[in-house]
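Colleague: One predicted model, sequence on top.
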Amino acid sequence: MASVELLIGSRWQAAKGDGQTREVTSPFDGSTAGTVALAGTDDVETALVEAEHGAAIWRRTPAHERMRILLRAAELADERAPKIAQTISAESGKTITEATGEASRSGDLIRLATFEGTQLYGETLPLDANRGTGQDKVGFTLRQPCGIVVAITPFNYPALLVLHKLAPALAAGNAVILKPATSTPLTALALAECFVDAGLPDGVLSVLVGSGSVLGDALVTDPRVRKISFTGSTATGEHISRVAGVKKLSLELGASCPVVVLPDADIEAAASAVAAGGYVNAGQVCISVQRVITHPAVTGDFLDALVPKVRNIRTGDPSSPDTTMGALITAEEAERVERAIARAGADGARVLIGGERDGAVVQPAVVADVDPQSPFSQQELFGPAVAVSSADDWESAIAQANGTAYGLGAGIFTSDIAGAVQAIREIDAGSVHINWTPLWRADLMPYGGLKGSGYGKEGPRAAVSEMTEVKTIVLHGRPW
């Protein structure tokens, strides 16, 4: 996108104040991906005023008309997917193969949300079941948009995580103010352009790029905002929950996702799945495999199978189709991951492969004999390394799986149906995968975590529900 203007109220316009801009650069080689305008608190106020106006228009727009506009936006997202993929790769360091896969899902995600936005069913209430009430009353529920939704998104999936908030909120009839990650704003702006070009009314959509501490606090504390949808760190989520006031919140936060490998598992399949699930997007995925918990009887076989697969991961230029793992989002993040791997080794774990850094690229690592209580297991790594620990029996394996502050996703490999059912019952995670890793997501499924991983659900049907409110209506007739 050539323009450096802000999108405020579905119109491109100059930022107020001193007109600061930010150059967006590739974390791999520092090349310039684009330039964006930085918003300030005056722009927040303008966006909120516009959103009040847009929310009033959009909630009164019939669902079939909203659907027409959003389906056109989906068509534009499909047409522009190759260009959006290039933008994703350039600003995030993600491989062009991964970026193409992400961009290609955009149109379908908009369509899924659009359909759900047309299906805002209520229910009838059996009021006569209440003692003292006859058949002189009719009760039912009615869903309506929240009003103004603030969406705050991270860098790691700059298209999909934007659309998992933006598309359901618009489909349900809300006005939206989107605050994307400052490191990957170009993708968000390109997707927003699809909605504007599709005919979204004035006031309905704004995209503000800038400091989270400035823009974020101004947005989430404003009483005109009724709903906040945030994806990011647990610390920031806790801050939002403290300062937001009386609002609806959806918080998708940190994770340290486990995979349990039982003695009766298909070891080759487990190793192949972990080799994929631990290193996609350089491990910068909240449902990435961070911990593998193996039975001692199969630990050696599992590591023997896993290490060669990880060795075959090819790092390098993200724009090359031959590269299978790209860069981390910044060199500083890569340094943090490098230190974490080295610290794990210094604490007694065995770094079997990887951990070396070159700029923002960290070689994919496998770290064995990790203490389950160590920071390498307990804290979210968000980088390309997998920690392998052992558990002597089923009970201790489940205790390890549940033994962090998080509960976003988990996987278990077993050929025993009874064991699978027990895992489903006892693992405390928002999604549990049998014979696969947690790094799998269908865009239509409910998605969200337990414990410190947050609350509320994404996925179009769940998100539309989260972004609407329910009224109870009682129609009083004459007594019999």
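Modeller: Received, thanks.
Colleague: okay, and for the chain, where does confidence drop off?
Modeller: Applying pLDDT under 70 to the chain flags the ranges 1-4, 479-480.
Colleague: In it, which helix is the longest?
Modeller: Looking across the chain with DSSP state H, the single longest helix is helix 41-59.
Colleague: mind listing what residue 34 touches?
Modeller: Going by CB atoms under 8 Å, 6 or more residues apart in numbering, residue 34 touches 1, 23-24, 87, 90-91, 186. Placement of C-beta: from N, CA and C, glycine included.
Colleague: Identify, from those residues, the entry nearest to residue 427.
Modeller: residue 91 (35.5 Å; CB to CB).
Colleague: does the residue nearest the centre of the chain sit in a helix, a strand or a coil?
Modeller: Closest to where the C-alpha atoms of the chain average out (CA atoms, centre = their mean) is residue 161, at 4.6 Å. Residue 161 falls in the helix class when you classify it by DSSP: H, G, I helix; E, B strand; the rest coil.
Colleague: And for the one 4 residues further on?
Modeller: State at residue 165, reduced to three classes by three-state DSSP: helix.
Colleague: Can you tell me, leaving aside adjacent residues, what's nearest to residue 76?
Modeller: Nearest-residue entry for residue 76: residue 194, 4.1 Å, with adjacent residues in sequence omitted and distances by CB to CB, 6 or more residues apart in numbering.
Colleague: who's in contact with the strand or helix carrying the one you found?
Modeller: For residue 194, the host element (DSSP states H and E) is helix 185-197. Residues from elsewhere that reach helix 185-197, judged by CB under 8 Å, 6+ apart: 1, 7, 10-12, 22, 24, 33-34, 36, 69-70, 73, 76-77, 80, 83-84, 87-88, 90-92, 106, 153, 158-159, 162-163, 166, 170, 178, 180, 205, 207, 209.
Colleague: Please flag which of those residues sit within helices.
Modeller: Checked against DSSP H, the contacts of helix 185-197 include these in helices: 69-70, 73, 76-77, 83-84, 87-88, 90-92, 106, 162-163, 166, 170.
Colleague: Now find how far off-centre the longest helix of the chain is within its chain.
Modeller: 25 Å (CA atoms, centre = their mean, to the nearest Å).
Colleague: just checking, what packs against it?
Modeller: The helices and strands touching helix 41-59, judged by 3 or more CB pairs under 8 Å, 6 or more residues apart in numbering; DSSP states H and E, are strand 6-8, strand 137-145, strand 148-152, strand 175-179, strand 205-207, helix 217-220.
Colleague: In it, which of the residues would be classed as buried?
Modeller: 43-44, 46-48, 50-51, 54-55, 58-59 (16 or more other CB atoms under 10 Å).
Colleague: re earlier: buried only: go through the contacts of residue 34 for me.
Modeller: Neighbour counting with 16+ other CB under 10 Å marks 1, 24, 87, 90-91, 186 as buried within the contacts of residue 34.
Colleague: which one of the residues you listed sits closest to residue 322?
Modeller: residue 90 (17.5 Å).
Colleague: Excluding sequence neighbours, find me the nearest residue to the closest one.
Modeller: residue 33 (4.0 Å).
Colleague: Return the distance of that neighbour relative to residue 84.
Modeller: 12 Å (CB to CB, to the nearest Å).
Colleague: More neighbours: which of the two?
Modeller: Neighbour totals were compared for residue 33 and residue 84, and residue 84 leads with 26 against 21 (other CB atoms under 10 Å).
Colleague: Might one say that that one is in contact with residue 159?
Modeller: Yes. In this structure, residue 84 is within contact of residue 159 by CB atoms under 8 Å, at 6.3 Å.
Colleague: Spit out the residues that contact those two alike.
Modeller: In contact with both residue 84 and residue 159: 103, 106, 187, 191, using CB under 8 Å, 6+ apart.
Colleague: Quick check: which element contains residue 338?
Modeller: Residue 338 belongs to helix 331-346, assigned by DSSP H and E.
Colleague: Can you show me the strands along the stretch 351-480 of the chain?
Modeller: Shown for the stretch 351-480 of the chain, the strands assigned by DSSP state E, counting those that start in this stretch span residues 357-358, 361-362, 365-368, 385-390, 406-407, 409-413, 431-434, 450-451, 454-455, 468-476.
Colleague: and these, which is most packed in?
Modeller: Highest mean neighbour count among the strands of the stretch 351-480 of the chain (mean count of other CB atoms under 10 Å): strand 409-413, with a mean of 29.
Colleague: residues in contact with it?
Modeller: 255, 257-262, 265-266, 269-270, 273, 277, 286-287, 289, 401, 419-420, 423, 427, 429-439, 449.
Colleague: What subset of those is buried?
Modeller: Neighbour counting with 16+ other CB under 10 Å marks 255, 257-262, 265, 270, 273, 277, 286-287, 289, 401, 419-420, 423, 427, 429-433, 436-439, 449 as buried within the contacts of strand 409-413.
Colleague: I figured residue 95 hits residue 325, correct?
Modeller: Yes. Contact criterion CB under 8 Å: residue 95 and residue 325 qualify, at 6.8 Å.
Colleague: Those two: which is more packed in?
Modeller: Ranked by neighbour count (other CB under 10 Å), residue 95 and residue 325 place residue 95 first, with 28 against 24.
Colleague: then stretch 8-15 to PDB, C-alphas only?
Modeller: The C-alpha trace of stretch 8-15 is given here as PDB (Å, rounded to 0.1, in the frame of the first residue of the first chain):
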ATOM      1  CA  ILE A   8     -10.400   6.300  10.300                       C
ATOM      2  CA  GLY A   9     -14.100   5.800   9.900                       C
ATOM      3  CA  SER A  10     -13.700   3.800   6.600                       C
ATOM      4  CA  ARG A  11     -11.900   6.800   5.000                       C
ATOM      5  CA  TRP A  12      -8.200   7.300   4.400                       C
ATOM      6  CA  GLN A  13      -7.000  10.500   6.100                       C
ATOM      7  CA  ALA A  14      -3.900  12.100   7.400                       C
ATOM      8  CA  ALA A  15      -2.900  11.700  11.100                       C
END
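Colleague: how about stretch 146-153: buried residues?
Modeller: Neighbour-count burial for stretch 146-153 [16+ other CB under 10 Å]: 146-153.
Colleague: Report the two of those separated the most.
Modeller: Spanning the widest gap among the buried residues of stretch 146-153 are 147 and 153, at 19.8 Å by CB to CB.
Colleague: The spatially closest residue to residue 415 that is not a sequence neighbour is in what secondary structure piece?
Modeller: Nearest residue to residue 415 in three dimensions, chain neighbours excluded: residue 264, at 4.7 Å (CB to CB, 6+ apart). Residue 264 is part of no helix or strand, with elements assigned from DSSP H and E.
Colleague: go on, the one 5 residues further on?
Modeller: Secondary structure here is read from DSSP H and E; on that basis residue 269 sits in helix 267-277.
Colleague: and that helix, what does it pack onto?
Modeller: Here helix 267-277 touches strand 257-261, strand 289-294, helix 296-311, strand 409-413, going by 3+ CB pairs under 8 Å, 6+ apart.
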